[in-house]
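Asker: just coords:
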């Protein structure tokens, strides 16, 4: 089990006793507002994500958007979607934006195949399309993390380098993983790449 999944599990165990104490036994005075909030059209649930995690997601989203903006890339504005899906799937938040930059210059050279709309990643050699950019980010994040039950060659717990070597092996595109890692460091060089 990954570190993130363990943390989420422990947070849920702590939340139940806290809720039991917070709700009076004589009746419910008020029901807390646990509706999802929307940031960049991505829902972030108040009951699951801590304040620090929200701040981290916002910082990551801002860095991704700033990176795409500095390259006048069409994927600017999807920073929060990238950050949320990376967190949900326990992958490095810079991975997909870096792959998109390497493959299509951040969407400038998105797949031209009419059967592959909204594919800014060169996914499936531009043979697979998506209903939206959001859906492509969700699908690819889930797949690379090993959370897609229909894809067996990506496993839960793979390192970023292992994921990249599966995504586009250096034997096919020499230096591919190093190129993507370089872009990841351009997005944020403070965090280590594991």
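Answerer: Arrived safely. These numbers were taken from a predicted model, which means no experiment stands behind them. Residues are numbered from 1 along each chain as shown.
Asker: Could you use CA atoms for every contact and neighbour count after this?
Answerer: Fine.
Asker: Roughly how far does the residue nearest to residue 58 when sequence neighbours are not counted sit from residue 151?
Answerer: Of all residues not flanking residue 58 in the chain, residue 80 sits nearest, at 6.9 Å (Cα to Cα, 6 or more residues apart in numbering). According to Cα to Cα, to the nearest Å, residue 80 and residue 151 sit 25 Å apart.
Asker: So these two - more neighbours on which side?
Answerer: In this view residue 80 and residue 151 are compared by other Cα atoms under 10 Å, and residue 80 has more residues nearby, 26 against 12.
Asker: what's near enough to touch residue 103?
Answerer: Going by Cα atoms under 8 Å, 6 or more residues apart in numbering, residue 103 touches 120-122.
Asker: okay if I get those as a markdown table plus distance to residue 63, pLDDT and secondary structure?
Answerer: Compiled in a markdown table, the contacts of residue 103 are given as follows (distance: Cα to Cα, whole Å; pLDDT from 0 to 100; DSSP: H, G, I helix; E, B strand; the rest coil):
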| residue | distance to residue 63 | pLDDT | secondary structure |
| --- | --- | --- | --- |
| 120 | 19 | 95 | coil |
| 121 | 19 | 94 | coil |
| 122 | 23 | 91 | coil |
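Asker: Where does the residue nearest to the spatial centre of the chain fall, secondary structure wise?
Answerer: When the chain is reduced to its mean C-alpha position, the nearest residue by Cα atoms, centre = their mean turns out to be residue 86, at 2.3 Å. Counting by DSSP states H and E, the element that carries residue 86 is helix 79-89.
Asker: Can you list the helices and strands that that helix packs against?
Answerer: Using 3 or more Cα pairs under 8 Å, 6 or more residues apart in numbering; DSSP states H and E as the contact criterion, the secondary-structure elements in contact with helix 79-89 are strand 42-44, helix 51-70, helix 133-144.
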